[in-house]
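> need coordinates for the following:
(one chain, ligands or ions: 2)
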Amino acid sequence: MLPANDTPEFQALLHEQVEKRRTFAIISHPDAGKTTLTEKLLLYGGAIRSAGSVKARKTDKHATSDWMEIEKQRGISVTSSAMQFVYDGYRINILDTPGHQDFSEDTYRVLVAADAAVMLLDAARGVEAQTIKLFKVCRMRGIPIFTFVNKMDRAAKDPFELMEEIEKVLGIRACPVNWPIGVDGDFQGVYHRDEKTVELYVGGDHGRTKVQKTVLSLDDPALESALEGNYRPRLRDEIELLDEAGDDFDLEKVRAGELTPMFFGSAITNFGVEPFLYRFLRYTLPPTSRDSDIGPIEPEDPQFSGFIFKIQANMNPAHRDRLAFLRVVSGVFRKGMSVWHSGTGKELQVKQPQQFMADEREGVENAYPGDIIGLFDPGVYRLGDTLSEGRKFHFEKIPVFAPERFARVRPMDSMKRKQFQKGISQLSEEGAIQTFLRNETGLEEMIVGVVGELQFDVLTYRLKSEYGVDLVMDRLSWRFVRWVTGGCGDTADLQLTSTSARGFDARNNPVLFFENEWSIRLACEKNRGLELGEIAPREKAAK
Ligand SMILES: Nc1nc2c(ncn2[C@@H]2O[C@H](COP(=O)(O)OP(=O)(O)OP(=O)(O)O)[C@@H](O)[C@H]2O)c(=O)[nH]1
Ligand SMILES: [Mg+2]
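Ligands and ions are numbered 1, 2, ... in the order given. Next up, the predicted model:
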């Protein structure tokens with residue numbers, strides 16, 4: 001039993017729990033190794049016993065965080081996943097995100113739930129396009145950003161060059177915390193600048209289990225024989241250069257997101273993974289506050305609050321259920337508690353709270369700030385909903401993207417209409433697609449809008465595998481949707497170009513579809529007073 005909210009015992013417990021929590025997202029361009037690193041962190045956290053390398057696509061082993069069938073087949077992450085593990089007394093919530101730009105919407109939403117970001121770079125590729133975009137989002141949020149240069153086991157760019165690239169391309173100073181020893185396929189270990197020690201790795205079973213290591217101080221004579229060839233003099237030169245020319249490590253700047261600590265390693269062989277985790281946990285701060293319409297809500301505020309940042313249907317094929325992912329912001333979440341729900345404006349009892357522990361889901365008794373938990377969703381939750389104990393307020397909105405690609409969809413077999421509608425509406429509530437109805441035609445005309453092309457593939461795939469529906473999809477030439485926010489009674493009376501169209505979104509808000517910006521401008525000129533918005537108007541409370 002927990003002590004009552006207003007007791008010092010409760011405050012002390014809350015403080016202790018907050019202090020040991022860390023919640024972060026892993027971001028990068030596709031294929032840099034986010035899912036692989038996630039898996040290795042779970043391995044070091046003892047959450048999994050051996051890692052089934054992501055590479056083993058053709059076998060039946062797959063990374064825990066790529067759980068969707070389509071992810072296993074294609075070897076890419078299409079949706080983010082959350083997992084909790086314990087390491088060195090810390091309780092860590094990790095969010096693995098998809099790198100592909102067509103799924104960035106999901107990544108952006110997840111970043112709202114994270115307090116820090118780990119940015120992965122492929123050592124051979126450096127800073128890539130998608131990394132730049134995601135980096136900017138993190139920067140806007142002001143969260144600390146850690147750089148992990150991955151794939152050091154292969155041919156790689158020069159580490160100094162990578163440092164410079166981060167500074168030039170991303171505009172953030174980088175401070176290497178460790179430094180790689182051995183290049184181009186001969187990665188031997190890392191030098192820790194803080195401890196002035198060399199960590200060398202031996203053998204390894206391709207990263208299935210923790211890697212063996214020896215740690216030597218830089219002036220240990222044994223280093224002479226441990227490091228072959230010219231690695232030792234080279235390391236000395238490089239350290240000297242770093243000390244002279246590089247930025248000093250400044251924890252304040254790191255925490256303010258102004259300096260990125262840089263680590264080198266190889267997620268696949270586990271080289272450098274544990275020292276990274278160890279330091280990352282110490283350099284990051286416990287869960288931070290979130291803004292709301294009544295001001296910032298602090299984690300140690302005794303009353304529970306949190307927000308929904310992700311909805312996911314069919315995570316468990318055996319149950320076909322739907323989960324809403326909640327980030328706890330303040331207080332203590334207790335199983336069975338009643339909370340105020342911003343979406344309905346009512347008190348509701350939270351059902352079947354669950355936590356994600358690698359391969360398993362576990363029931364949750366209590367959850368604390370920073371924790372990500374899954375709530376059973378009978379269809380009441382929406383992205384961005386606030387849940388709170390004893391107070392009514394709203395957390396900041398979760399970003400929604402305007403779709404840029406559209407298609408008319410229907411089931412191939414008209415007998416499957418019901419399943420089709422169920423699937424479309426569930427995926428739309430997840431935020432995986434947006435749905436519209438076209439005005440000019442009957443109910444039959446269901447329009448789907450997405451931000452990125454691949455989301456259409458995922459839609460087709462998931463409707464088939466999760467709902468048993470073959471989808472017929474006719475692509476449409478519109479590129480823009482605009483919400484009519486004012487200045488118009490009935491959209492039927494509007495004067496529009498012939499390629500534009502009228503419709504409604506899933507919440508029955510009137511919208512217009514356009515092929516180009518020129519048609520949007522024309523619509524505004526021809527229909528005086530017409531007001532158009534790029535995103536859906538703020539949701540009214542559902543019935
Ligand atoms: N050589 C080498 N390969 C790696 C390393 N880490 C990951 N890989 C490989 O890189 C490929 C992509 O790894 P993932 O972990 O799926 O990459 P990701 O960043 O999660 O990809 P998306 O989620 O699709 O953006 C896989 O084939 C991995 O085996 C590494 O340290 N060294
Ligand atoms: Mg991945």
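> for the rest of this, base every contact and every neighbour count on C-alpha atoms.
Fine.
> what about the closest residue to E430 other than its chain neighbours, distance to ligand 2?
In space, E430 comes closest to I311 once its chain neighbours are excluded; the distance is 4.6 Å by Cα to Cα, 6 or more residues apart in numbering. To ligand 2, I311 is 19 Å away according to Cα to the ion, to the nearest Å.
> tell me the pLDDT at I311?
Per-residue confidence (pLDDT) for I311: 88.
> three-state assignment of it?
Reduced to three states with DSSP: H, G, I helix; E, B strand; the rest coil, the structure at I311 is strand.
> that one contacts A432, correct?
No: assessed by Cα atoms under 8 Å, I311 is found out of contact with A432, at 9.1 Å.
> burial measure for Q419, as a count.
16 (other Cα atoms under 10 Å).
> residue ranges in this structure under the pLDDT threshold?
51-64, 316-319, 358-359, 441-444, 538-543 (pLDDT under 70).
> write out the residues of it neighbouring ligand 2.
Proximity of the chain to ligand 2 (Cα under 5 Å from the ion) is limited to residues T35, S77.
> what do you get if the cut-off is 8 Å, keeping everything else the same?
Residues of the chain found near ligand 2 (Cα under 8 Å from the ion) are 30-31, 33-36, 65-66, 75-78, 96-99.
> which of the residues you listed fall in strands?
D96 (DSSP state E).
> go through the residues of the chain next to ligand 2 and name the one nearest Q426.
Nearest to Q426, judged by Cα to Cα, of those is V78 at 16.7 Å.
> so what's that closest one closest to, chain neighbours aside?
Closest residue to V78 apart from its sequence neighbours, by Cα to Cα, 6+ apart: P98 at 5.3 Å.
> can you pull the phi/psi pair for the one you found?
Phi and psi for P98, reported as degrees, to the nearest 10, are phi -80, psi 140.
> do E19 as well
With angles defined as degrees, to the nearest 10, E19 sits at phi -60, psi -30.
> now it. Nearest residue, chain neighbours left out?
Using Cα to Cα, 6+ apart, the closest residue to E19 is P286 (5.4 Å).
> distance between the ends of stretch 523-530?
One end of stretch 523-530 sits 8 Å from the other (Cα to Cα, to the nearest Å).
> name the residues that touch that stretch?
For stretch 523-530, contacts defined as Cα atoms under 8 Å, 6 or more residues apart in numbering pick out V484, T485, G486, G487, C488, L494, Q495, L496, T497, E531.
> redo those residues as JSON lines? Include distance to Q17 and secondary structure.
Shown next, in JSON lines, are those (distance: Cα to Cα, whole Å; DSSP: H, G, I helix; E, B strand; the rest coil):
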{"residue": "V484", "distance to Q17": "46", "secondary structure": "strand"}
{"residue": "T485", "distance to Q17": "45", "secondary structure": "strand"}
{"residue": "G486", "distance to Q17": "48", "secondary structure": "strand"}
{"residue": "G487", "distance to Q17": "52", "secondary structure": "coil"}
{"residue": "C488", "distance to Q17": "53", "secondary structure": "coil"}
{"residue": "L494", "distance to Q17": "57", "secondary structure": "coil"}
{"residue": "Q495", "distance to Q17": "59", "secondary structure": "coil"}
{"residue": "L496", "distance to Q17": "58", "secondary structure": "coil"}
{"residue": "T497", "distance to Q17": "59", "secondary structure": "coil"}
{"residue": "E531", "distance to Q17": "48", "secondary structure": "strand"}
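> of those, select the buried ones using a ChimeraX command.
For the buried members of the contacts of stretch 523-530, the matching ChimeraX selection, counting by 16 or more other Cα atoms under 10 Å, is:
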select :484,485,488,494,496
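> ok, the contacts of stretch 523-530 vs G370, which is closest?
T485 (36.2 Å).
> good, we can wrap up now.
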